[in-house]
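>>> sequence and computational prediction follow.
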Amino acid sequence: MSKIHTTAIIDKSCDIHPSVEIGAYTVIGPNVTIGEDTVIGPHVVITSDCEIGKKNKIYQFASLAEIPQDKKYEGEDCKLIIGSGNTIREYCTINRGTRAGGKSITRVGNNNWIMAYVHIAHDCVVGDYNVMSNATSLAGHVEMGNNIVLAGYVLIHQFCRIGNYSFAGMGAALNQDLPPYLLATGSFAKTHGLNREGLRRNNFDQQTINALHKAYKLIFRSSNNPTNTKELEALSKDFEEVSILLNFIEKSDRGVIQSSKQDE
């Protein structure tokens, strides 16, 4: 028995695994592939040129793989690639990539929890195990790592990077990079120390958390001097996480958001 509702409209070029469920009045355009055990609700639109992996759950009224909201887009071939195990809730919009300034691909990884009304714009790269709360929006070319939590109504400026295990509080607006392991709030956002709760939930030991806290203080809360540099070098040799933090900051093109005077 088919798991595709009789009212669904699906282009003949699509490659859809027999186990996929597709709800009523969903429309799927050309050149779409969907992996096994993915469930697509009613009234979903997947425009074209999209790869969707296994065991995703896509809820009603989501719009995937529509053309970019970018005036530079001129109809060139572009694509949306979504991994496996993702939950994509109602009214989410995820656009395809662009050739101008991008790699023609928007990419979403695995096991992400993407809540209602989230927007992921053209050429974004989203990693794995992230939580994006209601109405959070990523502008074009944003790069998200893994195990990140973005609270409701968070706004990310184009070309920003969001580091692993970081947290942005409700309504935060980020116009620069958010380094890994840190917590940020406000508009425009400032750091407020480590994302301690997130680190504990992800089984970081207390010694590592203490080392990251010390590195944070040396980077954001102390004037630069040779002593600070030597301390950071020593910490980075002993703790890979500190090395990751320093490397992220060093490679930031937009600069990283600064600390609040009221942080820990």
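Ah, there it is. Model, not experiment: these values are computed from the prediction.

>>> pLDDT of the strand or helix carrying Ile209, averaged?
Counting by DSSP states H and E, the element that carries Ile209 is helix 206-220. The average of the pLDDT scores along helix 206-220 is 95.

>>> same thing with stretch 65-74?
93.

>>> straight-line length of it, end to end?
End-to-end distance for stretch 65-74: 16 Å, by Cα to Cα, to the nearest Å.

>>> pull out the buried positions in it.
65-68, 70, 73 (16 or more other Cβ atoms under 10 Å). Just so you know, the C-beta spots here come from the backbone N, C-alpha and C atoms, and that holds for glycine as well.

>>> so which of those are in helices?
Assignment to helices by DSSP state H places none of the buried residues of stretch 65-74 there.

>>> thinking again about what came up before, the helix holding Ile209 packs against which elements?
strand 189-194, helix 196-201, helix 226-238, helix 240-250 (3 or more Cβ pairs under 8 Å, 6 or more residues apart in numbering; DSSP states H and E).

>>> tell me which of these sits most buried.
Compared across the helices and strands packed on helix 206-220, strand 189-194 shows the largest average neighbour count, a mean of 21 (mean count of other Cβ atoms under 10 Å).

>>> got the contact list for that strand?
168, 172-175, 178-179, 181-185, 209, 212-213, 216, 220, 257-260, 262-264 (Cβ atoms under 8 Å, 6 or more residues apart in numbering).

>>> can you list the domain ranges for the chain.
9-146, 200-250 (automatic domain parsing).

>>> rank those domains by pLDDT, which is bottom?
domain 200-250 - the lowest mean pLDDT of the domains of the chain, at a mean of 90.

>>> ok, and what's touching the helix holding Ile209?
181-182, 191, 193-194, 196, 199-200, 228, 231-232, 235-236, 238-239, 241-242, 245-246, 249, 258-259, 263-264.

>>> among the contacts of strand 189-194, which lie within strands?
The strands, defined by DSSP state E, take in 168, 173-174, 182-185 from these.

>>> and Glu51, how many neighbours?
Glu51 has 18 neighbours, counted by other Cβ atoms under 10 Å.

>>> tell me what it is bridged to.
Thr33, Ile81 (DSSP bridges).

>>> look up how far Ala173 lies from it.
32 Å (Cβ to Cβ, to the nearest Å).

>>> on that earlier part again, just tell me which of the domains of the chain ends up closest to His157.
His157 lies closest, by Cβ to Cβ, to one member of those: domain 9-146, at 5.7 Å.

>>> for Lys251, the count of nearby residues, please.
By other Cβ under 10 Å, 9 other residues sit near Lys251.

>>> from Gln207, how far off is it?
Taken as Cβ to Cβ, the span from Lys251 to Gln207 is 26 Å.

>>> ok, now Phe167?
21 Å.

>>> more neighbours, these two?
A count of neighbours by other Cβ under 10 Å puts Phe167 above the other of Phe167 and Gln207, at 26 against 10.

>>> using PDB, write out the CA atom coordinates for stretch 140-156.
This file holds the C-alpha atoms of stretch 140-156, laid out as PDB (Å, rounded to 0.1, in the frame of the first residue of the first chain):
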ATOM      1  CA  GLY A 140      22.800  34.200   3.700                       C
ATOM      2  CA  HIS A 141      26.100  32.400   4.000                       C
ATOM      3  CA  VAL A 142      25.900  31.800   7.800                       C
ATOM      4  CA  GLU A 143      27.900  28.900   9.100                       C
ATOM      5  CA  MET A 144      26.800  27.000  12.100                       C
ATOM      6  CA  GLY A 145      28.800  24.300  13.800                       C
ATOM      7  CA  ASN A 146      27.400  21.500  16.000                       C
ATOM      8  CA  ASN A 147      25.500  21.200  19.300                       C
ATOM      9  CA  ILE A 148      24.400  24.900  19.200                       C
ATOM     10  CA  VAL A 149      21.300  26.200  20.800                       C
ATOM     11  CA  LEU A 150      19.600  29.400  19.300                       C
ATOM     12  CA  ALA A 151      16.700  30.500  21.400                       C
ATOM     13  CA  GLY A 152      13.500  32.100  20.000                       C
ATOM     14  CA  TYR A 153      13.700  35.000  17.600                       C
ATOM     15  CA  VAL A 154      17.500  35.000  17.300                       C
ATOM     16  CA  LEU A 155      18.800  36.900  14.200                       C
ATOM     17  CA  ILE A 156      22.100  36.100  12.600                       C
END
